[in-house]
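I'll drop the sequence and a predicted model, then ask my questions.
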Amino acid sequence: MTLSLQHALQGLGFADLVRFTPAQIAALCQATSLEEDALALALLPQAQHKARVPVSGFRVGALAMGNSGHWYLGANLEVEGLPLNSALHAEQAAIGHATLWGETGIRRVVVSASPCGHCRQFMQELNQECLTLVLEDARLSLAALLPHAFGPADLGQSYGMLNGPAGTLSVDSRDPWFWLHWPRPTPAMPPTAITGPGWRCC
Ligand SMILES: [Zn+2]
């Protein structure tokens, strides 16, 4: 992180933020004289600092720019003793973070390392006409990073991961393994697969 950004974050009281409002972004652009993409890239160390990497030792930071104009940080989260396919990746964390704040679309994803294949497909599930990926040395469309992609549109779905229909969640499984990793059924939560709009797991 540049010294001027560090000073700006501290001076403006933004040093611990993991989400930035349009007004805060404008204030940081003004204080650092950075344009938005450069500022987003410069903020990635703030996300990387939050990474938990007991398996790989490789910190990844990501920043999702929501359609609302807010920015959301994300970092990779690994679980000690478990394989890397159990890890949450930084791009997924940033997009998940944006989802929790009610974003229905992502304009850009800024990330400290080139997205892995899994994350490219994960972002394809947003089902957006255009999604731009900003890396330290490149600005690319997701279509360029994932040519001949398959996604929700190929299934005739007009919505994506962030703007699909809301639904209720219920649980239904007689598999004992499932209940080892899920809270015991209660009268309010009968043992019945996790179901929601467009997906099912039992
Ligand atoms: Zn990934």
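Nice, thanks for sending it over. Numbers count the residues shown, from 1 in each chain.

so residue 79, which of the three states?
What DSSP: H, G, I helix; E, B strand; the rest coil gives for residue 79 is coil.

how deep is it tucked in, by neighbour count?
13 (other C-beta atoms under 10 Å). C-beta: built from backbone N, CA, C; applies to glycine.

again, but for the one 10 residues further on
The local packing count at residue 89 equals 23, with neighbours defined by other C-beta under 10 Å.

separation between residue 122 and residue 9?
29 Å (C-beta to C-beta, to the nearest Å).

more neighbours, the two?
Taking other C-beta under 10 Å, residue 122 and residue 9 do not tie; residue 9 has more neighbours (21 against 17).

In contact with residue 5, which residues are there?
28, 32, 34, 39, 42-43 (C-beta atoms under 8 Å, 6 or more residues apart in numbering).

Try it again at 7 Å.
By C-beta atoms under 7 Å, 6 or more residues apart in numbering, the contact set of residue 5 is 32, 42.

So which bits of the host helix or strand of it are buried?
Assigned by DSSP states H and E, residue 5 belongs to helix 3-11. If you call a residue buried by 16 or more other C-beta atoms under 10 Å, then helix 3-11 has these buried ones: 5, 8-9.

tell me the mean pLDDT for stretch 50-69?
For stretch 50-69, the mean per-residue pLDDT is 97.

what's next to it, contact-wise?
Counting by C-beta under 7 Å, 6+ apart, 22, 40, 43-45, 47-48, 71-78, 80, 84, 87, 89-91, 93-95, 97-98, 103-113 sit against stretch 50-69.

Good, we can wrap up now.
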